[in-house]
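**Student:** Can you look at this prediction? I've put the sequence above it.
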Amino acid sequence: MARKRRSLFDIFNDLLREVDEEFREFLEEFERMGEFEPQEFRAGSLRPFVYGFRITIGPDGKPKIEEFGNVKKTGRMPRISEEMEPLVDIIDEGNKVRIVAEVPGVEKDKIKLKVSGRKLVIDASNGKKYHKEIDLPYEVDLKNAKARYRNGVLEIEASKTSKGEEFEIKVD
């Protein structure tokens, strides 16, 4: 018996249902927190609440939801952090990897990049604070990696290798 292939619309509808459920749970948690009114949520709070998500389809065909911002779901109540988690894209370009991160509002000399094996850490602060730990799909050649920062967008380019050293990358 032949197995029926699911249409793209069925997959998209399932994905939207999952996002809708996640969003409903998120809103319910915020409503419950209103009863406790923690310091971060009181009127006049100095920290803005930034929460967003992006949905992509992975190579295995399954949807992947990536959250960004400074609202983190930890246990029962969300936590508001001083550090924003930037939205990051990892682009496989054959023999090299390009990482693009949105970090607006900082100066390039305030951006610190560290790579160890397959982990890239982005730290930036200049009024706004950003922190993101990225698990790279490949080990990269750290000595020849290049990073550029223009108009709030950080772009890192590195060749794929298997060295396993720790190194800092200078931002141009």
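**Tutor:** Everything's here; your move.

**Student:** Where in the protein is the helix or strand with the lowest mean pLDDT?
**Tutor:** In the chain, no helix or strand scores lower on mean pLDDT, DSSP states H and E than strand 166-169, which sits at a mean of 67.

**Student:** Now do the same contact list for the residue most central in space within the chain.
**Tutor:** Centroid check for the chain by Cα atoms, centre = their mean gives residue 87 as the closest residue, at 4.2 Å. Residue 87 makes contact with 52, 54, 66, 68, 101, 102, according to Cβ atoms under 8 Å, 6 or more residues apart in numbering. C-beta here means a position set from N, CA and C on the backbone, and glycine is covered the same way.

**Student:** Just the strands from this structure, written as ranges.
**Tutor:** 51-57, 63-74, 77-85, 88-92, 96-102, 111-116, 119-126, 128-135, 139-140, 146-150, 153-161, 166-169 (DSSP state E).

**Student:** and those, which one's lowest on average pLDDT?
**Tutor:** Of all the strands of the chain, the minimum mean pLDDT falls on strand 166-169 (a mean of 67).

**Student:** what distance separates stretch 20-33 from the centre of its chain?
**Tutor:** Mean-position distance between stretch 20-33 and its chain equals 21 Å (Cα atoms, centre = their mean, to the nearest Å).

**Student:** Okay, domains of this protein per the record?
**Tutor:** 1-81, 86-172 (automatic domain parsing).

**Student:** Pairing-wise in the sheet, spell out the partners of residue 80.
**Tutor:** Taking DSSP bridges as the rule, residue 80 bridges to residue 71.

**Student:** My error: substitute residue 57 in the last question.
**Tutor:** With DSSP bridges as the rule, residue 57 is bridged to residue 63.

**Student:** ok, it - how many residues close by?
**Tutor:** Burial of residue 57 is recorded as 13 neighbouring residues (other Cβ atoms under 10 Å).

**Student:** Any figure for the gap between it and residue 85?
**Tutor:** Distance from residue 57 to residue 85, counting by Cβ to Cβ, to the nearest Å: 22 Å.

**Student:** again, but for residue 146
**Tutor:** Residue 146 is 24 Å from residue 85, by Cβ to Cβ.

**Student:** of those two, who's got more company?
**Tutor:** Set residue 146 next to residue 85 and count neighbours by other Cβ under 10 Å: residue 85 wins out with 21 against 12.

**Student:** so who does the more buried one touch?
**Tutor:** 67, 68, 69, 70, 72, 130, 131, 132.
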